[in-house]
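Colleague: Provide a 3D model corresponding to the input given below.
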Amino acid sequence: MAKAFWSIDPTHSEVGFKVKHMMFTNVSGKFDQFEATATSEDDNFENAQISFSAEASSINTGNTDRDNHLKSADFFDAEQFPKLEFTSTSFHKKGEDNFEMKGDLTLHGVSKSIALDVEYGGLGKDPWGNMKAGFSISGKFNRKDFGLSWNAALETGGVLVSEEVRLVAEVQMVKQA
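Modeller: Here you go, the predicted structure:
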């Protein structure tokens, strides 16, 4: 069977994260500039190969001061490490519409393996005849594993920024002709 090639539709996709702030609230952010491709044996995506990258400088939390701090050497060091990258090593079906995607995340110049949960939302043609597939992706990792260790102690105990980062993405892929 012929391989199927897919690319992300950035106007109908969002790649973001959530991190606990002050130990009791979540702060959300997203990346405004990203790319992704997938290659699969067919339209069911079993054993698909996924490649993703985001521009570190495109981080957007809705607060310019926080965004600039995240782009600085305290966190992403976007000038020295301009891209975050993920390359899948496996994409296996766990249930009817659920997959587990494992791969290597490269962040801040460090590569580590992570596992992500993927919910397959379906397949269909848009009004212009493009075949699209939808996915909801979630997972988590420890930011300190990637050298993002800046923090501040709180007077009441605990730290300002959690070590755990939760990834959340809503992705629409477009089949390439």
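Colleague: what's the lowest-mean-pLDDT helix or strand in the chain packed up against?
Modeller: Least confident helix or strand of the chain, by mean pLDDT, DSSP states H and E, is strand 14-21 with a mean of 87. Packing contacts for strand 14-21, counted by 3 or more CB pairs under 8 Å, 6 or more residues apart in numbering; DSSP states H and E, involve strand 25-31, strand 161-175. Placement of C-beta: from N, CA and C, glycine included.
Colleague: just name the most buried of those.
Modeller: Counting by mean count of other CB atoms under 10 Å, strand 161-175 has the highest mean neighbour count of the helices and strands packed on strand 14-21, with a mean of 18.
Colleague: adjacent strands (with direction) for it?
Modeller: strand 4-8 (antiparallel), strand 14-21 (antiparallel), strand 131-142 (antiparallel) (DSSP bridges).
Colleague: what angle do that strand and strand 25-31 make?
Modeller: Interaxial angle of strand 161-175 relative to strand 25-31 (axes from the mean of the first three to the mean of the last three CA atoms, to 10 degrees): 40 degrees.
Colleague: and strand 161-175, average pLDDT?
Modeller: Taken as a whole, strand 161-175 carries a mean pLDDT of 89.
Colleague: what's the answer for stretch 68-86, then?
Modeller: Stretch 68-86 comes out at a mean pLDDT of 93.
Colleague: what do you get for stretch 56-63?
Modeller: Rounded mean pLDDT across stretch 56-63 is 95.
Colleague: do stretch 129-144 as well
Modeller: On average, stretch 129-144 scores 94.
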